Structure formats: structure tokens, C-alpha cells
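*Asks:* Return a 3D structure for these sequence lines:
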Amino acid sequence: MVSNLLAYLEAVLAAEDDAITIIGADQKVLFWNESAVQTYDITNDDIIGRPIQEFFDTDDLMILNVLETKQPVQSAYHRPRKDKHVVVNASPIFSQQNELIGAISVERDITQIVKLNDNLLTTSTELNELRQMVYTNNEATPFSKLKGKSKVLQQTIQIAMKASKTDATTLILGESGTGKEVCARAIHEASPRREGPFIPVNCGAIPAALFESELFGYEGGAFTGAEKNGKKGKIEMANNGTLFLDEVGELPLEMQVKLLRVLQERELYRVGSSTGTPVNVRFIAATNQNLEARMEENQFRSDLFYRLNVIQITMPPLRQRINDIPALTQSFLKQFASQYQVPTPALETDAMEAMLHYHWPGNVRELRNIVERIIILSDSSLIRKQDLLGFFQPSNQQENKSAQFPERSLPQEKENIERKRLEEALQQAGGNKTAAAQMLGISRVTLYNKMRKYGVVNY
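*Replies:* Predicted coordinates for the structure are as follows:
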């Protein structure tokens, strides 16, 4: 029976993608799965039966702490080696007589995520410096990056230009791909802070265990594996410049409280420090989520929302600025033709008509990607509608032609009616969202979603 259980245990260890270590009460390694071998480049023959601290740079290992304190840890950031970053779940192991007999550690390697994040920050800073050097020579203003002459876009740019002249905290709303980060960068580059750094933070891409140290930084020795001299967080890096919090709706609730404190007091506390550090940072946040609906669901703090929402900018979806599609398409065609050193193809009238009829769920980002695909894959100097269909849907294109370019009449007529009814209800209710939702027979959350969908923001 015992041998069977051992076989089962070894099968579980072998199937797990995370590194798993089990040590006895004497700190010697009992189990070391294949993922641990791959993560740390230490074979089973070398480590089994040996004290675990012999194989790592620090004797302050998480699994040893758990063995000593007899307390489990969950989703803790750990740096067992200078070249390894992991998130750890660890627990003590007790016998049926409640005697401590060992500890187990399950470690997820996030080294590449941390390195990628650091590289992205460095690249973003360098790119921003280059932008600041060249935009005055090549563009009338930083807002020239927001291409299009449609009324709805120009209204958005006017608000953004006014925001750029101040240090007011700004919230940029809009669907994915509408250019929220482009707008944020333009505000920074047109502001008195243009000589300072522009630091972007994607709140949806940082592991929860790393959020506090990434945003606020940490003191030396604040936790296992911390840099000797500590490290600045993103907020400190943006000092005298702008911090851009993209996907701010993904910020964990416990971090929302700490961010609110920085916004209110203009100082932060590094992890492991009891002394505040003053910061001079302009905050710009962005999200494609309905924060008011998330507040009702208790997923976003109302006090943080009102702190961020001093100036609100809504990036219009591409389907609301159809007249900008030809100019955007031509701009992207020239950009990618130059990048890939090929002649710039032309679009037949029927191809451009197809572009105008498409719903663009991915907005400007989707248009940009499709134009790049055209430049890379097309062998023709003239793009027709039948060619274009393949770039939207390379597989099953015959089956899905109608789905790719729906006729504008029926869906747009439905949207026009729904938008008009929505505006009428809000007008009749004097802007009262609850009353308008009751008149329409829908919930407040649905009302907010439809307002966002149709760009109804003046109520």
C-alpha cells in the first residue's frame, strides 16, 4: 500500500509544471520533481538526501522559514537565487500525531516575466526620449499621432489638449484598440512635464504577488532575494513626469487603497520602509471596463474612481469615426511599406468600401494589424475586395465572407434605434441613470454598458 502511495505521489510530482520540493524535518531534500530540475538545473542525484541550503545562495529560503515557523505562505514573491524570481506556495507537513515532519514548496518561475517587464520599461523610456526629440520636427503637435478629422475625435483631442496644460489626474476610457496609450503619451509630451519620464504600467500584466514592489519599490532586505540597496518602484521612476496606469480596472483592491493614499498625500512607502518618500507625479489612468459598474459590484473603490476621474476623456471606437478609415489606412500602408521596404499598394474602391462596412471590434489596432498583414502577405500592387477578405479571415473565408463584412443597413439601423432610445430616456430622466434604466426596462449595469458602447457620455 505504501509503495503504491509513493508511486502516486511521484506521478503527481512529475505531472506538475511548477517546481516542487519536499524536505524533511532535518532540512534534507526528500522529493525534487522534474520541473525543479529544469528550473534550477540541479539533478535529483545531486540534491536528494542533501541539506537544501547547500544549493542556494541564501540560507533564508522560504521553505526553511515555513519549516521553522510552522506557518504556510500563499502566493509569496521569492528570489531563491539572484537569477531566479518565483511565486511560492509553501506549507509545513505534520504527521497524524501532529508532529512536524517536513515542508513542501511549490514554486512558479516568473523570471522571464520580471525580465520582460524591466526590459519593457527601459525600452519605453528610451522610446519616449526619442519621441520627444523628433516630434517637434516632424509633427505639428504630439496629438498629431491621433490621426483623423472626424468631429468625435477632434472633440476628444480638444479635451486632451486642455488636460495637457494642467497636472490634473486624467482618466481615459474606451474600448481596446482605440488609442488610449497614444492619447496618454500625447498629453505627457504636450505638457510642462515633457522633459520628465513617461512610465507605462499595465495593471493587467503584473502578477498579484509583485504588484506592491513593482509600483512602490522596496528597501534592501525587505524580503528574501531583495536587491541589497533596494529598488525604485514605477511611481518613483515617474517622478517629475507622468505615470500611465493602463487597465487600471484590473488593480487589486488592496492596491487601490495604497494608490489612493499616494494620490492624496503625494508620498509613498516602499515595501519594508516606515518612512514616506515624497513624489511629484502626474497620474493618467485608462481602462476599457465600466468602472461605475465595477463599483456597484464592489470590485473598484469609489473614492479611487473619483480621485482618478478629475478629467475624463473617452476615446471613440472606430465604428463611430468611419470617415477616418481611408486616411488611417493610407497612413498605415505608407508606414509598413517603408518599414518592410516594399512598394505601397493601392486599394480598389470596392476594397475600401469593404473596410468602411466592417464593424472593427478591434478598432484602430485591428485596422493597423490588418494593413500590416496586407503589406507582408500581398504580392499585388492593387488590393481588391476579394483579396481583402483573406486578410481578415485567412481560414474558412468562403464560409465567413458575410460575417466579415456585414451589410450596414440592418445592424446599424438596430444600433441607431437603440442609441436614439437610450439618449431619449436619459434626456427625459434629466440624466438620472437609475430612472433611465427603469424606463428602458434594463439594469443600471446594462445601461452603463450601452452608454459606453454608443459613446453616450454627456449625461
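*Asks:* Need the three-state assignment for residue 20.
*Replies:* strand (DSSP: H, G, I helix; E, B strand; the rest coil).
*Asks:* Please report the distance of the nearest residue to it once chain neighbours are set aside from residue 93.
*Replies:* Nearest in space to residue 20, with sequence neighbours left out and distances taken as CB to CB, 6 or more residues apart in numbering, is residue 33 at 4.5 Å. Heads up, the C-betas are built off the backbone N, CA and C, glycines and all. Residue 33 sits at a distance of 16 Å from residue 93 (criterion: CB to CB, to the nearest Å).
*Asks:* So between these two, which is more surrounded?
*Replies:* residue 33 (22 against 17; other CB atoms under 10 Å).
*Asks:* which residues does the residue nearest to residue 20 contact?
*Replies:* Neighbouring residues of residue 33 by CB atoms under 8 Å, 6 or more residues apart in numbering: 13, 14, 16, 19, 20.
*Asks:* Identify the farthest-apart pair in these.
*Replies:* 14 and 19 (12.3 Å; CB to CB).
*Asks:* which of these two has more neighbours?
*Replies:* Higher neighbour count among residue 14 and residue 19: residue 19, with 24 against 11, using other CB under 10 Å.
*Asks:* Now that one: closest residue in space that isn't a chain neighbour?
*Replies:* Nearest non-adjacent residue to residue 19 (CB to CB, 6+ apart): residue 36, at 3.8 Å.
*Asks:* and if you look at residue 321?
*Replies:* residue 150 (3.8 Å).
*Asks:* Check the contact between the one you found and residue 326; I expect there is one.
*Replies:* No: in terms of CB atoms under 8 Å, residue 150 does not count as a neighbour of residue 326; the distance is 11.4 Å.
*Asks:* which one of these two has more residues nearby?
*Replies:* Using other CB under 10 Å as the criterion, residue 150 and residue 326 rank with residue 150 on top: 17 against 13.
*Asks:* what's the spacing between the more buried one and residue 456?
*Replies:* 17 Å.
*Asks:* which residues does residue 437 contact?
*Replies:* 443, 444, 446, 447.
*Asks:* just residue 86 next, same as before
*Replies:* Contacts for residue 86 (CB under 8 Å, 6+ apart) come out as 19, 39, 77, 78, 79, 80, 107, 108, 109, 110, 111.
*Asks:* if you set the cut-off to 7 Å instead, what comes out?
*Replies:* 78, 80, 107, 108, 109, 110 (CB atoms under 7 Å, 6 or more residues apart in numbering).
*Asks:* In strands, which of the residues you listed appear?
*Replies:* 78, 80, 107, 108, 109 (DSSP state E).
*Asks:* can you name the two of those residues that are farthest apart?
*Replies:* 80 and 108 (12.3 Å).
*Asks:* and these two? which has more neighbours close in?
*Replies:* When residue 80 and residue 108 are compared for neighbours, residue 80 comes out ahead with 26 against 18, by other CB under 10 Å.
*Asks:* Not counting its neighbours along the chain, what's nearest the more buried one?
*Replies:* residue 56 (5.2 Å).
*Asks:* Can you give me the neighbour number for that neighbour?
*Replies:* Around residue 56 there are 16 residues (other CB under 10 Å).
*Asks:* Which strands and helices lie in contact with the helix or strand hosting residue 453?
*Replies:* Using DSSP states H and E, residue 453 falls within helix 444-454. Contacts defined by 3 or more CB pairs under 7 Å, 6 or more residues apart in numbering; DSSP states H and E place helix 444-454 against helix 291-296, helix 409-428, helix 433-440.
*Asks:* low pLDDT regions in this protein?
*Replies:* 1-6, 13, 57-60, 117-140, 221-228, 393-414, 416, 457-459 (pLDDT under 70).
*Asks:* mind giving me the domain split of it?
*Replies:* 2-109, 113-316, 319-404, 409-454 (automatic domain parsing).
*Asks:* quick one: the residue nearest to residue 321 and residue 318 touch, right?
*Replies:* No: between residue 150 and residue 318 there is no contact under CB atoms under 7 Å: 9.8 Å.
*Asks:* Using the three-state scheme, assign residue 90.
*Replies:* strand.
*Asks:* Tell me who's in contact with it.
*Replies:* Contact analysis of residue 90 by CB under 7 Å, 6+ apart lists 62, 63, 66, 72, 73, 103, 104, 105.
*Asks:* now residue 327
*Replies:* Contacts of residue 327 by CB under 7 Å, 6+ apart are 147, 148.
*Asks:* Quickly note the distance from it to residue 174.
*Replies:* The gap separating residue 327 from residue 174 is 19 Å, by CB to CB.
*Asks:* Next: residue 45.
*Replies:* Following CB to CB, the distance that separates residue 45 from residue 174 is 56 Å.
*Asks:* And for residue 83?
*Replies:* Here residue 83 is placed at a distance of 40 Å from residue 174 (CB to CB).
*Asks:* and these two? which has more neighbours close in?
*Replies:* residue 174 (21 against 10).
*Asks:* For the spatially closest residue to that one that is not a sequence neighbour, give me its contacts.
*Replies:* Spatially, and ignoring its direct neighbours in sequence, residue 174 is nearest to residue 315 (3.2 Å; CB to CB, 6+ apart). With contact taken as CB under 7 Å, 6+ apart, residue 315 is in contact with 156, 172, 174, 178, 179, 180, 183.
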